[in-house]
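Q: Provided below for reference: sequence and predicted model.
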Amino acid sequence: MLQSKLFTKTRREAPQDEVSKNAELLIRAGFIHKDMAGVYSYLPLGLRVIEKIKTIIREEMNALGGEEVSLAALQNKDLWEKTGRWDDTVVDNWFKTKFKSDSETALAITHEEPITNLMRDHVRSFRDLPAYVYQFQTKFRNEVRAKSGIMRGREFLMKDLYSFSRSVEEHDAFYEKSKKAYLNIFKRVGLSDKTFITFATGGIFSKYSHEFQTVCDAGEDIIYISKEKGIAINKEILDDENAAKDALTEIGVTRESLVEAKAVEVGNIFALGTKFSEPLGLTFTDEAGDAKPVVMGCYGIGIPRLMGTIVEVMADEKGLVWPKEVTPFDVHVIILSQKDPQVCSYAEDLVSSLERSGNSVLVDDRDLRPGEKFADSDLIGIPKRIIISEKTLQSGQIEVKDRATGEVSFMNEGQL
RNA sequence: CGGGGCGUGGUGUAACGGCUAACAUUCCUGUUUUGGGAACAGGCGACUCCGGGUUCGAAUCCCGGCGCCCCGACCA
């Protein structure tokens, strides 16, 4: 992609109404646009990152046996009344609205009710289970206060998977598998050394839920990490004396050995039991011919929040720094003497050869001074930068600079 | 929802109740320049968030609204 064709511009300064590092940098670099508090639009560069993240998650969900769907955003009130969650005193962050007929609807805050209802059409027998269904869908939450840039929006894309199992045992086995898949995801997006499985409060059907918390100053949660076990406990558990005792025993650590840290909840998995299947009537017939409620679980990842966390953790004073798995482009080729036809044709050849070998390339072909191009390149944060000028052309070497480390190396095309 | 801060060209800032709302940057024209946001010259761009009020006179003071940020509470 030619940078001269990219409609987005970089800017030197962040708007004064953004304080969070992720939003400041993403806006300055032209990845996102803010529409309202907690509402952001994604521009070409930002969308590419979102799509990369989705691809990683999709691969991991498919590997778990997940089947992708896309559920509606508009919600059927009747369904939510059956579970009691339509009531504003139960769930206070709905965006409710009405049809022309004056009957009520709302934008989905989550999708347990509609997915459970949907599965009733398809699950009859024990032979139909287990089933694992997921989607990437926008959630709408009327938060009293949006904050932290893209990390806590009122409208945000979420990957939510729902598991449908025949028994608690079958559910538990999948739940454990999902933990591994989640850890894989966070490893692949470059956050593994800072992300911990964290014990959090559960619900009626389980003692704990599990969060995936990434250590980061921009986080809203406080977690206590056991370095030797590689596991953390959310402060909300430790605040309750009995729960704290249980959790510490279960993990096998002492309170004193834990290290406090601020962290971002980048993922959450939750046993739902029959909380939704019972009121909504999702049952199956088992081997003995008896009707039983399906045992469910849900597994969420907020995509923009994950993207924001990557920015917060990796960025430096010069700008964004993308891990190679989520970068909008693999290589940033910067042409310095863009008026020199020899340099240009050399660049063209190099770019097409890079693309042929599977790299996505952003080419800075703009007629600007070098300093400005370097500054923009630092801001955008593509991991590898190749500089092409008369100088490199003469030397016959390709100059590659690593965005994260700043290391410069020279190589020939074969090595590249 | 409680508390605090703020709203001025696209962006970042300035302006005692008083001249044509200033400066930087972006953008446009031209000359020049090309390995870390160059220089010079010229130019475009604002109903100072909205609505009232006080005043001879309001970006500035007062009232109301809307919006934004931060702290807290909240966050299946």
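A: All right, it came through fine. Residues are numbered from 1 along each chain as shown, chains lettered A, B, ... in the order given.

Q: Count the neighbours of the residue nearest to residue A:163 when sequence neighbours are not counted for me.
A: Among residues not flanking residue A:163 along the chain, residue A:297 sits closest, at 4.3 Å (C-beta to C-beta, 6 or more residues apart in numbering). C-beta here means a position set from N, CA and C on the backbone, and glycine is covered the same way. Look at residue A:297: counted by other C-beta atoms under 10 Å, it has 23 neighbours.

Q: Next, name the residue at the spatial heart of chain A.
A: Closest to where the C-alpha atoms of chain A average out (C-alpha atoms, centre = their mean) is residue A:303, at 2.9 Å.

Q: For that one, which non-adjacent residue is closest in space?
A: Residue A:303 sits nearest to residue A:157 (C-beta to C-beta, 6+ apart), 4.3 Å away.

Q: Angles on the backbone of that neighbour, please.
A: The phi and psi values for residue A:157, taken as degrees, to the nearest 10, are phi -80, psi 140.

Q: same question for the strand or helix carrying residue A:187, mean pLDDT?
A: Per DSSP states H and E: residue A:187 is located in helix A:168-188. Averaging pLDDT along helix A:168-188 yields 98.

Q: Could you check how far it is from the centre of its chain?
A: Counting by C-alpha atoms, centre = their mean, to the nearest Å, helix A:168-188 is centred 16 Å from the centre of its parent chain.

Q: still on that earlier bit, kindly state the pLDDT recorded for the residue nearest to residue A:163?
A: 97.

Q: Need the contact partners of the one helix or strand it maps to.
A: Per DSSP H and E: residue A:297 is located in strand A:295-302. For strand A:295-302, the surrounding residues in contact (C-beta atoms under 8 Å, 6 or more residues apart in numbering) are A:57, A:110, A:112, A:116, A:134, A:156-168, A:170-171, A:174-175, A:178, A:182, A:185, A:266-277.

Q: Go again with 7 Å.
A: With contact meaning C-beta atoms under 7 Å, 6 or more residues apart in numbering, strand A:295-302 is reached by A:57, A:112, A:156, A:158-168, A:171, A:175, A:178, A:266-274, A:276-277.

Q: which ones among those residues come in contact with RNA strand B?
A: Residues of the contacts of strand A:295-302 in contact with RNA strand B (C-beta under 7 Å from any atom of the strand): A:160, A:268, A:270.

Q: Please report how far the residue nearest to the centre of chain A lies from residue A:68.
A: According to C-beta to C-beta, to the nearest Å, residue A:303 and residue A:68 sit 14 Å apart.

Q: Is the strand holding residue A:297 in proximity to RNA strand B?
A: Yes. Judged by C-beta under 7 Å from any atom of the strand, strand A:295-302 comes into contact with RNA strand B at A:298, A:300.

Q: Centre of the chain to that strand, how far?
A: The chain centroid and the centroid of strand A:295-302 are separated by 14 Å, computed with C-alpha atoms, centre = their mean.

Q: So what are the sheet partners of it and their directions?
A: Strand A:295-302 pairs in its sheet with strand A:155-165 (antiparallel), strand A:259-273 (antiparallel), by DSSP bridges.

Q: how big is the angle separating that strand from helix A:168-188?
A: Put simply, strand A:295-302 runs at 10 degrees to helix A:168-188, going by axes from the mean of the first three to the mean of the last three C-alpha atoms, to 10 degrees.

Q: after strand A:295-302, next one along is what?
A: Following strand A:295-302 toward the C-terminus (DSSP H and E): helix A:303-314.

Q: now that following helix against strand A:155-165, angle please.
A: 110 degrees.

Q: Give me the buried positions along stretch A:344-360.
A: Neighbour-count burial for stretch A:344-360 flags A:346-347, A:350-351, A:354 (criterion: 16 or more other C-beta atoms under 10 Å).

Q: swap that for stretch A:86-106, sorry
A: A:86, A:91, A:94-95, A:104, A:106.

Q: Could you single out the nearest of the residues you listed to RNA strand B?
A: Taking C-beta to the nearest atom of the strand as the measure, residue A:91 is the one of those closest to RNA strand B, at 6.6 Å.

Q: Name the nearest residue to that closest one, sequence neighbours excluded.
A: Computed as C-beta to C-beta, 6+ apart, the closest residue to residue A:91 that is not its neighbour in sequence is residue A:85, at 5.0 Å.

Q: Verify the contact between the one you found and residue A:94 for me.
A: No. Using C-beta atoms under 7 Å as the test, residue A:85 is too far from residue A:94 to be in contact (9.0 Å).

Q: contacting residues around the helix or strand of chain A with the lowest mean pLDDT?
A: The helix or strand of chain A with the poorest confidence is helix A:390-395; it has a mean of 88 (mean pLDDT, DSSP states H and E). Contact with helix A:390-395 is made by A:337, A:340, A:342-343, A:346, A:398-399, as judged by C-beta under 7 Å, 6+ apart.

Q: Just the closest of those residues to residue A:282, please.
A: Distance to residue A:282, by C-beta to C-beta, is smallest for residue A:398 among these, at 58.6 Å.

Q: ok now do that closest one, which residues does it touch?
A: Residue A:398 makes contacts with A:386, A:392, A:410-413, A:416, as judged by C-beta under 7 Å, 6+ apart.

Q: List phi and psi for it.
A: Note on residue A:398: backbone dihedrals following degrees, to the nearest 10 are phi -100, psi 130.

Q: Pull up the per-residue confidence for it.
A: Residue A:398 is assigned 91 on the pLDDT scale.

Q: Ok, the one 5 residues further on next?
A: On the pLDDT scale, residue A:403 is placed at 98.

Q: Give me the buried entries from the ones next to RNA strand B among the contacts of strand A:295-302.
A: A:160, A:268, A:270.

Q: From the chain's centre, how far out is the least confident helix or strand of chain A? Work that out for me.
A: Counting by C-alpha atoms, centre = their mean, helix A:390-395 comes out at 41 Å from the chain centroid.

Q: May I see the buried residues of that helix?
A: Neighbour-count burial for helix A:390-395, counted by 16+ other C-beta under 10 Å, picks out A:392-393.

Q: Any residue of that helix touching RNA strand B?
A: Yes. Helix A:390-395 lies within reach of RNA strand B by C-beta under 7 Å from any atom of the strand, at A:391-392.
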